[in-house]
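Colleague: Sequence and predicted structure are below.
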Amino acid sequence: MTSMNWAFLCWFALPVVAAQYYNLDRSPLSLITGLMSLYAMGILVNRVIASCKTRFARAACSYGVTFVLACYFYGQFLSYYLQGSYFNQQFYYHMNLSSVTETWLVYWPLMVLFASWLTSYWICLAYLRHRVPFQKSARASMMILVVLSLVLDPGLRQSAIVALTAKGSHLVQSLSEIDWQLLKLDRKALDNDRLFAAPGKNLVLIYMEGLDVIYTEEDIFPGLTPNLNRLNSEGAQLENYIPIEGTGWTMAGIVSSLCGTPLVHNLGLDGNVIMRSGFLDRAVCLPDILNIANYQQVFMGGASLNFAGKGEFLNAHSFDRVLGRDELIPRMADPSYLGGWGLFDDSLFDLALEEFNVLAQSEEPFNLTILTVDTHHPTGEPSASCDHYPHSDNSILQAVHCTDQLIGRFIENLHHHPAYEDTVIVLTSDHLGMRNNAFPLFPQDYDRKLYFNVLNAGPHFPRERLATPVDLAPTILGLLDVEHSASFLAGGNLLEREVLNLSDAENFADRQKAIEFINTRHLSSLGGEGQLLYSLSETKFSDLEFSEQVAGATLTSMGLSFDSTGMDPYFILPEVPFASRAPLHVYVTFQSDRNSTFTLYYQTEETPYFSEANTIKANTTAGENRLRLSLSDVPSLGGKLRIDPGAVPGAFVISHLEIRSE
């Protein structure tokens, strides 16, 4: 074995050994095969470098190949360190530049460690690469080394097994292939166009970061969560509340619990940028229904809204105000009192109490949604104002104990407010806790569950009912006594029925595939429903025609914005090919500052001009409006379309406009 082989093995063994140390399975076989894979890869890299004749080719090959491998092995280490498992959906979801910039204050040591580790290896490589004599290697031996490297790698091997196991599930390509009854999915969720909702009680919804039921077990962690345990005796819990695919990290937990469908799609590894691209923008979610019922809605979280596309998603689904780290810091008594993620939970709950008091003074119903952060893995950051947990110095347990105190104090304050009697309080995990430094204290084979408790609600559900995060939105609406006509794709009201049971396990893979297809193709603009005939995002500004009452029109990646100076602002789209006889739909998302009427003018072969006879109208409100207008019943459609977003002076922003055929 050459010096370069030894150097490669010694340096790259560090992330491999560290990854297996944080592997929740802790299998000796995984460590052994991982090192064997690395050994074969080291020989392969040495032979590839040895086959380069020129100094430039050798340098380019050395640094290029080792950089790619360094990213893979260090990325693998990060995946195990953060979540205890190999690359998976939630890892890819956060794999983009914004995740790095938004988490720099928390994870900068890991980034500095990567740069130091790779730089030190490259210094060694610069010295050793020219000492390797030129040598041609047989293609057969090179291929054997490639195969050995891939087959022996424990993560790749396990991923291949999972992929092969999933081959039996049915790949959905159209709605007609879905057995809605067998898969327990609601077809009506695709037709949530004309909705009504009547208000019920107020809502305070608290997502507790990675705080699952195990922390409330007195025989495991005595005295850790006295307030949650006390509130358990006052409210109603779900004893079999479990996660499913697409609900296992913060944004997935929020999306699935608010929209009644898990965060799964078949759009590739798009990272959390998917939440900025129209994903599930056609889905009707809990805050959308509350908005129809005239609720005031505020979201508050201590972390940045830019992280994981959180702000974009919440703003797209009818929250009146979405407040994160940057929005809340100016309201703090001490703006310098911050943790790595942003506001500590004590600051967050103090500001949330102020917000509750403001909302409660209004005569309108309200929804105050809060997301904690102190218990974020892998080590947690407890607030300074909390009492110490006496039974352990573990930082995650200290953070859990602290958040328990803050929630208890917050709810006690709400309890003394006159609005409490008409307010339902929901406490829930956003997801199961990911790998953290308290995991070694968990009992072996403990069956972990998500936490859910509802306070001050009327009729309760059977505690033993099997529940998943997608059931929360319809269940919360039932607890609030909100009457509505909306349907949810995968979730149901647990006050009325149990959606899934253990016998559904054999159909679960097919169910997830169907949900992936529907989320992507029918509930999201970016996935598309049928053939895309026109998109505003692909239009040149010069292709649009504007009325004289449109001023200051601009077209950017954020959409088309302009001011209306009169009662007849409109723009005309370029001619769209309507040769297909398939049903046609126009999807529009826009913001207006006044209530008005949206009007779509169309032309036909018989009437190649715009007239009131050829229109489709929809009433709109101040704020965001999402419309789905059908042209399916229009005979001999042809020519151009004219868009009148509102017959009032004011500002308009059309963020999304598409025409699709089914």
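Modeller: Received, thanks.

Colleague: And the helix or strand hosting residue 411, what does it pack against?
Modeller: Mapping residue 411 onto the secondary structure by DSSP states H and E places it in helix 395-415. In this structure, helix 395-415 makes packing contacts with strand 202-208, helix 226-234, helix 345-361, strand 423-429, judged by 3 or more CB pairs under 8 Å, 6 or more residues apart in numbering; DSSP states H and E. C-beta: built from backbone N, CA, C; applies to glycine.

Colleague: let's go with 6 Å and repeat that
Modeller: On a contact count with 3 or more CB pairs under 6 Å, 6 or more residues apart in numbering; DSSP states H and E, helix 395-415 meets helix 226-234, helix 345-361.

Colleague: Near the nearest residue to residue 305 once chain neighbours are set aside, how many other residues are there?
Modeller: Among residues not flanking residue 305 along the chain, residue 311 sits closest, at 3.0 Å (CB to CB, 6 or more residues apart in numbering). If you count neighbours by other CB atoms under 10 Å, residue 311 ends up with 22.

Colleague: what's the helix or strand harbouring residue 367 in contact with?
Modeller: Element membership for residue 367, per DSSP H and E: strand 366-371. Contacting residues not belonging to strand 366-371 are listed as 202-207, 290, 295-301, 352, 356, 359 [CB atoms under 6 Å, 6 or more residues apart in numbering].

Colleague: how about 8 Å then?
Modeller: Outside of strand 366-371, the residues within contact range by CB atoms under 8 Å, 6 or more residues apart in numbering are 202-207, 209, 250, 254, 287, 290, 295-303, 319, 348-349, 352, 355-356, 359-360, 430.

Colleague: Give the pairing partners of that strand; include direction for each.
Modeller: strand 202-208 (parallel), strand 296-301 (parallel) (DSSP bridges).

Colleague: now the first one: how far from the chain's centre is it?
Modeller: Relative to its chain's centre, strand 202-208 lies at 18 Å (CA atoms, centre = their mean, to the nearest Å).

Colleague: and it, average pLDDT?
Modeller: For strand 202-208, the per-residue pLDDT values average out at 98.

Colleague: Can I get it in CSV, CA atoms only?
Modeller: Presented in CSV, the C-alpha positions along strand 202-208 are these (Å, rounded to 0.1, in the frame of the first residue of the first chain):
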residue,chain,number,x,y,z
ASN,A,202,-60.3,30.9,19.0
LEU,A,203,-57.2,28.8,18.4
VAL,A,204,-53.7,28.8,20.1
LEU,A,205,-51.6,26.2,18.4
ILE,A,206,-48.2,25.5,19.9
TYR,A,207,-45.7,23.4,17.9
MET,A,208,-43.0,22.1,20.3
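
Colleague: Now do it and strand 423-429, the angle between them.
Modeller: Angle of strand 202-208 versus strand 423-429, following axes from the mean of the first three to the mean of the last three CA atoms, to 10 degrees, is 20 degrees.

Colleague: again with the shortest one
Modeller: With the same axes, to 10 degrees as the basis, strand 296-301 and strand 423-429 are set at 30 degrees to each other.

Colleague: List the contacts of the helix or strand following strand 296-301.
Modeller: Elements were assigned by DSSP H and E; along the chain past strand 296-301, the next helix or strand is helix 310-316. Where contact means CB under 8 Å, 6+ apart, the residues beyond helix 310-316 that reach it are 250-251, 254-255, 275-276, 280-281, 287, 299, 301, 303, 305, 322, 324, 589, 624.

Colleague: Helix or strand next in line after helix 310-316, which one?
Modeller: Under the assignment DSSP H and E, the closest C-terminal helix or strand after helix 310-316 is strand 321-323.

Colleague: what about the chain, any weak spots by pLDDT?
Modeller: Within the chain, the stretches falling below the threshold (pLDDT under 70) are 1, 162-170, 268-273, 276-277, 526-531, 557, 579-582, 662.

Colleague: which residues does the residue nearest the centre of it contact?
Modeller: A centroid search over the chain (CA atoms, centre = their mean) returns residue 251, at 3.3 Å, as the residue closest to the centre. For residue 251, the set of contacting residues under the criterion of CB under 8 Å, 6+ apart consists of 93, 263, 272, 275, 308-310, 313.

Colleague: go on, residue 190?
Modeller: When contacts are taken as CB under 8 Å, 6+ apart, residue 190 is in contact with 175, 489, 518, 522-523.

Colleague: can you do 6 Å?
Modeller: The contact partners of residue 190, by CB under 6 Å, 6+ apart, come to residue 522.

Colleague: got it, and the one 4 residues further on?
Modeller: If a contact means CB under 6 Å, 6+ apart, then residue 194 has no contacts.

Colleague: cool, residue 472 as well?
Modeller: For residue 472, the contact set (CB under 6 Å, 6+ apart) comprises residue 257.

Colleague: got the CA positions of the helix or strand that contains it in CSV?
Modeller: In this assignment (DSSP H and E), residue 472 forms part of helix 472-479. Presented in CSV, the C-alpha positions along helix 472-479 are these (Å, rounded to 0.1, in the frame of the first residue of the first chain):
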residue,chain,number,x,y,z
LEU,A,472,-54.6,17.5,12.8
ALA,A,473,-56.2,20.1,10.5
PRO,A,474,-59.6,18.5,10.2
THR,A,475,-59.6,17.5,13.8
ILE,A,476,-58.7,21.0,15.0
LEU,A,477,-61.5,22.4,12.9
GLY,A,478,-63.8,20.0,14.6
LEU,A,479,-62.5,21.0,18.1
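
Colleague: Sheet partners, orientation included, of the next helix-or-strand element following that helix?
Modeller: In the C-terminal direction, the helix or strand that comes right after helix 472-479 (DSSP H and E) is strand 483-484. For strand 483-484, the paired strands and their directions (DSSP bridges) are strand 197-198 (antiparallel).

Colleague: Name the residues that touch the strand it pairs with?
Modeller: Counting by CB under 6 Å, 6+ apart, the neighbours of strand 197-198 from elsewhere in the structure are 289, 292-293, 483-484.

Colleague: coming back round to it: mind giving me the PyMOL select for the contacts of strand 366-371, buried ones only?
Modeller: Written as a PyMOL command, the selection of buried residues from the contacts of strand 366-371, which uses 16 or more other CB atoms under 10 Å, is:
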select buried, resi 202+203+204+205+206+207+209+250+254+287+290+295+296+297+298+299+300+301+302+303+319+348+349+352+355+356+359+360+430
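
Colleague: the helices in the stretch 501-650 of the chain, which residues?
Modeller: Taking DSSP state H, counting those that start in this stretch as the test, the helices found in the stretch 501-650 of the chain are 508-521.

Colleague: one step back: going along the chain from the helix or strand where the residue nearest to the centre of the chain lies, find the next helix or strand for me.
Modeller: Using DSSP H and E, residue 251 sits within helix 250-259. Helices and strands here follow DSSP H and E; after helix 250-259, the next one along the chain is helix 286-292.

Colleague: Identify the residues contacting that following helix?
Modeller: Residues beyond helix 286-292 that count as contacts (CB under 6 Å, 6+ apart) turn out to be 195, 197, 258, 297, 317-319, 367, 473, 484, 486.
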